[in-house]
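K.L.:
Based on what follows, work out the 3D shape:
(3 chains)
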Amino acid sequence: MGDILAFTLVWILVSALGEIGIQSLIHHGVYYYTATTQALDGEAAFAFIITVLTPVFAFIVVMIGYDMIRFRSREPGMRPSPRQFYNNKVFVSIWILVSIALNLLFFVHPTASAVEQMFNSEKERYNRHDLIINVTARQWQWLFDYPQYNITQAQDANGNSILYLPVDRTVRFVLRSYDPMHMYDPYAGVIHSFWIPAFGVKQDIIPGETRYMYVHTNKVTSYNVDPMVRVQCAEVCGPGHPFMEAPVHVVSNVDFMNWIKQQQKLQAGQS
Amino acid sequence: MSSVVSDMHGARSEHARVKRMLPPVVRGLLWALIGFLVMNTLVSEVFDRMPYHPFITRASVTLGWVAAVGGWILGVGAWEGAVKPYLGYPEEWVVPQDWRKYFMYSTDHKVIGLQYIFSSLGGFLIAGFAAMLMRLELMKGQMWIFNNPGAYLSTVGVHGTVMMFSVGTVALVGGFGNYFIPLMIGANSTSFPRMSGVSQWLVPAGIATVVISPVLGQWTTGWRGYEPLAGQDPAGILFYYLGVFALTTSSLLVAINLTATILFKRAPGLTWNRIPMYAWGILAVSLLNLIWLPEIQMTFVMALLNAVIPLPYFAQIGSPLTYMEMFWLFGHPEVYIIVVPAFALWQEILPVMGQKSLFARQWGIIGLVFVMILSGLVWAHHMFTNMRNSQMLPFSFFTEMISIPTGFAYLVSLGTMWRANLKLNTPTLYTLMSMFNFLIGGVTGVLLADPVVNLQVHDSFFVVAHFHYTVIGAMVFSWFAAFFYWFPKLSGRMYNEFWGKVGAIWVFIAFNMTFGQFFFLGLHGMNRWVPVYPSYLEPMNFEVSLFAFLLGLGFVFNFLHIAWMWNKGPVAKDNPWQAKTLEWQTASPPGEQNFDPIPKVISGFYDYRDQRLPIRNSPQKEPTS
Amino acid sequence: MSEVTDQKASAPSFKQASTAKELRQNRFGLILFVTSQMVPYFMLINDRFVLADTYVSRRVDPLLGGFLPTLLLLLGVLPSWLAVRAIARNALLQMQRQLQLTGLLGVLALIVMVWPMFSHRYDAISPFGEIHLVSLGLGGFFTLAALFVLGSVLLRATKGVIGPQHYFSVEASAWVWTFNAIAWLVLYIAVYFI
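P.N.:
Sure thing, here's the model as predicted:
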């Protein structure tokens, strides 16, 4: 009984310390940098799971450590332990019930609830005034078109693809994988994955299919502010895979419209 | 077995004296070369001449490889040892009783087990070297070791493929399984020793095939061979498919052999209730192998036809996601193929080292079996980033639920250690470290099972860290636990406790410092398969690489320690741990006959209330055995 | 290749008589292997629905590539098991006759199933991916393997290592044959009728 009491005390102590550490980690942001509501949803789910699991983790680690110290053999040879038992119905029952309960909890929240929340933004009724961006993944470059503004392949001054987004707006990325610049086979596509680390969500792009990804931007930021605000291909797509990135700028509505005008002018000049 | 037969007849067969031949491995290489050249020439020059007739075409290299593997298998001894006697010729294969027996076809399960152990060890070192190259490259954000990203990606592919198919699925099953399962169930051989002798030699062939694959051209897909990218790759991808085919065939044959062995070769009195935990683990793994290895083999045959003929199954006009589905349908059970024997090992080692009866044994078995069953229902959690939103929840559900039977392995292990008389030696340390590492793998697995989190961390270094925690952290650490636990049995000698512990603590710290930081790299936006990455990630990657080198050195140190003590260690007692399982109730190392006579089991193996043996070894020679 | 090695090693010792337990063990190992080889068929039939729905290339002849080999393979099942019964009664010659009959049917089946595939022009950009041809090709591969097993058993028979005490290899070839015939029947139904 003394062992159980001592173990419980150590466990509670370690769990409490662990929670303090975990909470400070969560306070700093487990996702490092977030710029959409989707990323905040994901971060909250992450934080919830690690908060709940900290005592579980501590239980097992403390028990391993406690066994190592308290029940270690102090003699040179092997001797059967004087205390033998095969089962402990109370312990096994609690273990099984707690593990089932925890899993059901996680399935309800955050799994199902956060999925519901994140994908709610994709519902038709919410998407009347989305900014639509056609994203084309070719080997190995991202191309961004703004069909509502007649912009194809938005570029910066150096001719590199660039993604500008207005803040506080739902953006609908329309994702396709093919190669409009291919010499003879524009449909020679491979699987890419559209990932903006700061946006907390990614979507694979499958050749021959059209996929959608919705985000809702919530702060003005850019690649220059934090390098996590970049488009990065996350699924290996050949030797050029690491170079398949593009800077992202989330700007105010006014700046966004200025940028649109500038791009339109640029495109008019090119054609 | 052949040597046993010849000894039983009193004299060595005459053929052994008169017949001189090349060392079998050399002859195998020669026959493989001849086979390849003949078949390759026939295909590329005669049957399937291409425009500008190149000597090596995709079709010719595939068929040439088949002939080469056939030549290799026959050359190392299957010709005299298996084919000729099967066809009714006298058996002429004599295995010398010295180091040479490890370099030829053999039917002794202990020789085969050690061959498997050393094959997987070779694979581990090669793939580990590839990992060191990768970490060296990742010390900087630009290319500096490799001169193009394709070379880096090929290295990633070789590392992953060799580690998964020749270490992960082989080391604890083909290796320790072949050696110890017959010993643990009181048998003198496996059920199908000839098949086992043949299947072992597929492993070096498979490893060599994957390792030399870049000769045919870089392949950039990593260990998964993802289509449609693989369809674009140069011909190196062919050797990926073929090498994996050899390795999986080997594992499939091991699964058949060990399943039949456990079911039919048990000593009298070894009832179903008394089957050792490791045998339960091997049984569960074998069933997984029997279902999922043919599945992935067929997938790879389709992908091979895709590349050779070519066909467009997985290109845009086919169905790219079908390849993914089929790959992960196998790919997730594969993870449990790797880790279930590790769970079983914990439950094998802890009662011995704690000298305490195994706690809640039935729950341990239920855990192993339910992990096996559920593992087939979770594959699509590898595909959350590309599946319908509505399909996520069921897979998420099963993925979370699989943590319940997995937890039973902890339940049993922790319950066994509680109030035990725990010997804190090297195998115990490795077992506890394995439990700790898998715990981190499990907790991060819960995070990954959550779709919303998964959409952020999938395909990032977070996932890399997670699966290295489950594979290295759990399986490789248990592999070392097994090495040290069974070291006296394998070698008849004792390792050095001090250096063993130093090695354990060394790799534990280096491992956790390396892969623990991977989680943060991933969360900070480091994606996978990139030799070039944004510079803000460089400081952490640089420092991670240093720990990775430390980890590599730690593994090498452990192997050197094992090799040194294997030859120079002090002679060990037959049963130094006072263990009750059957493999310790015979000489260390076991003689040519494991048990003579076969013992009769009279109680379970995990009861440490007293020091009575679980067998009756019949001092007055029971006539029945 | 793996099928063949399995056959060889299934015989625990080549000259001694098998005990009943060894026989059960060998049969178990073989059935385990055969069962595991059903998985590729399940997979291919499912893949075919994904890739090509129920489309069958009009260039494939349902009579030559489907019905005739099915019939021939199923006919071969009977003599293969008659051979097992014959050797159990120590009628070696009768066993050889039956196995030769099975083999003949198998060779004929192989010819008729390969013929339409040879004359078929592969279409590398077919959206249907020629998946049914790969399914039938798997059946052809297993027919070849079953013939290989049969041939090796016939070879063994001439060396006098098969007798009424030791005839598992004959039984094994019958099992493999039956598996192949049934698998082909299932494929035939799946490819041409469903």
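
K.L.:
All the helices of the stretch 301-450 of chain B, in order from the start?
P.N.:
Secondary structure of the stretch 301-450 of chain B, counting by DSSP state H, counting those that start in this stretch: helices at B:320-354, B:361-374, B:389-401, B:403-417, B:426-449.

K.L.:
Sorry, slip of the keys, the one I care about is chain C.
P.N.:
Per DSSP state H, chain C has helices spanning C:2-10, C:20-36, C:38-52, C:68-88, C:92-119, C:131-158, C:168-192. These are given in chain order.

K.L.:
how about the ones you listed in CSV, adding mean pLDDT, mean neighbour count and distance to B:Phe436?
P.N.:
Every C-beta, even on glycine, is put in place using the N, C-alpha and C of the backbone. As requested, those are arranged in CSV below (pLDDT from 0 to 100; neighbours: other CB atoms under 10 Å in any protein chain shown; distance: least, CB to CB, whole Å):
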stretch, mean pLDDT, mean neighbour count, distance to B:Phe436
helix C:2-10, 35, 23, 39
helix C:20-36, 91, 18, 36
helix C:38-52, 87, 19, 36
helix C:68-88, 92, 21, 56
helix C:92-119, 88, 18, 56
helix C:131-158, 88, 20, 45
helix C:168-192, 90, 22, 47
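
K.L.:
can you redo those as a markdown table with distance to B:Gly168?
P.N.:
Formatted as a markdown table, the entries for these read as follows, by distance: least, CB to CB, whole Å:
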| stretch | distance to B:Gly168 |
| --- | --- |
| helix C:2-10 | 21 |
| helix C:20-36 | 20 |
| helix C:38-52 | 21 |
| helix C:68-88 | 39 |
| helix C:92-119 | 38 |
| helix C:131-158 | 28 |
| helix C:168-192 | 30 |
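
K.L.:
Just give the nearest non-adjacent residue to C:Pro62, would you?
P.N.:
By the measure of CB to CB, 6 or more residues apart in numbering or on different chains, the closest residue to C:Pro62 outside its immediate chain neighbours is C:Tyr192, 5.2 Å from it.

K.L.:
measure the one you found to chain A for me?
P.N.:
Here the criterion is CB to the nearest CB, to the nearest Å. By it, C:Tyr192 lies 28 Å from chain A.

K.L.:
C:Pro69 is in contact with that residue, correct?
P.N.:
No: taking contacts as CB atoms under 8 Å, C:Tyr192 lies outside contact range of C:Pro69: 11.9 Å.

K.L.:
What residues sit buried inside the helix or strand of chain A with the lowest mean pLDDT?
P.N.:
Ranking every helix and strand in chain A by mean pLDDT, DSSP states H and E puts helix A:113-120 at the bottom, with a mean of 83. Of the residues in helix A:113-120, those buried under the neighbour-count criterion (16 or more other CB atoms under 10 Å in any protein chain shown) are A:114-115, A:117-119.

K.L.:
Report whether the helix or strand just after that helix contacts chain B.
P.N.:
Moving toward the C-terminus from helix A:113-120, the next helix or strand (DSSP states H and E) is strand A:131-138. No: counting by CB under 8 Å from any CB of the partner chain, no contacts exist between strand A:131-138 and chain B, the nearest distance being 12.4 Å.

K.L.:
Sheet partners, orientation included, of strand A:131-138?
P.N.:
Strand pairing for strand A:131-138, using DSSP bridges, gives strand A:141-145 (antiparallel), strand A:170-177 (parallel).
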